[in-house]
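[1] only the shape, not the letters, is given here:
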């Protein structure tokens, strides 16, 4: 299974996260990882997605996400190693 990461910057409005995740799922991808951050007006999300079958294209998914109202920017990102955080200490 191939996992790709997509970084999404979007307006922090009611229902935005639900719309984003709904499009990802409806287009045949499973969310395998997610990190988020926000300020008062904008949010950003990096989502690790895996296609349910080999016919799914992450570039097409990225273009579909970019068309959602309130989405400011979408980009594929190179995966980085995840470090485990235990009780506030990085291991």
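    Now that the structure is in, tell me what you want to look at. Bear in mind the structure is a predicted one, so any value in this text is a computation, not a measurement.

[2] flag every buried residue along stretch 44-61.
    Of the residues in stretch 44-61, 44, 45, 46, 47, 48, 49, 51, 58, 61 count as buried by neighbour count, 16 or more other Cβ atoms under 10 Å. Just so you know, the C-beta spots here come from the backbone N, C-alpha and C atoms, and that holds for glycine as well.

[3] so what touches that stretch?
    1-10, 17, 20, 23-24, 27-38, 76-77, 79 (Cβ atoms under 8 Å, 6 or more residues apart in numbering).

[4] buried among those residues? Make that a PyMOL selection.
    Entered in PyMOL, the line below selects the buried ones among these, by 16+ other Cβ under 10 Å:
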select buried, resi 3+4+5+6+8+10+17+20+23+24+27+29
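
[5] which residues touch the residue nearest to residue 12 when sequence neighbours are not counted?
    Excluding the flanking residues, the one nearest residue 12 by Cβ to Cβ, 6 or more residues apart in numbering is residue 43, at 4.5 Å. Neighbour list for residue 43: 9, 10, 11, 12, 16, 17, 36, 37 [criterion: Cβ under 8 Å, 6+ apart].

[6] test my guess that residue 64 contacts residue 22.
    No - with contact defined as Cβ atoms under 8 Å, residue 64 does not reach residue 22; the gap is 11.2 Å.

[7] distance check, the residue nearest to residue 12 against residue 70.
    Applying Cβ to Cβ, to the nearest Å, the value for residue 43 to residue 70 is 9 Å.

[8] what sits in contact with each of those two?
    Common neighbours of residue 43 and residue 70 (Cβ under 8 Å, 6+ apart) are 10, 11, 16.
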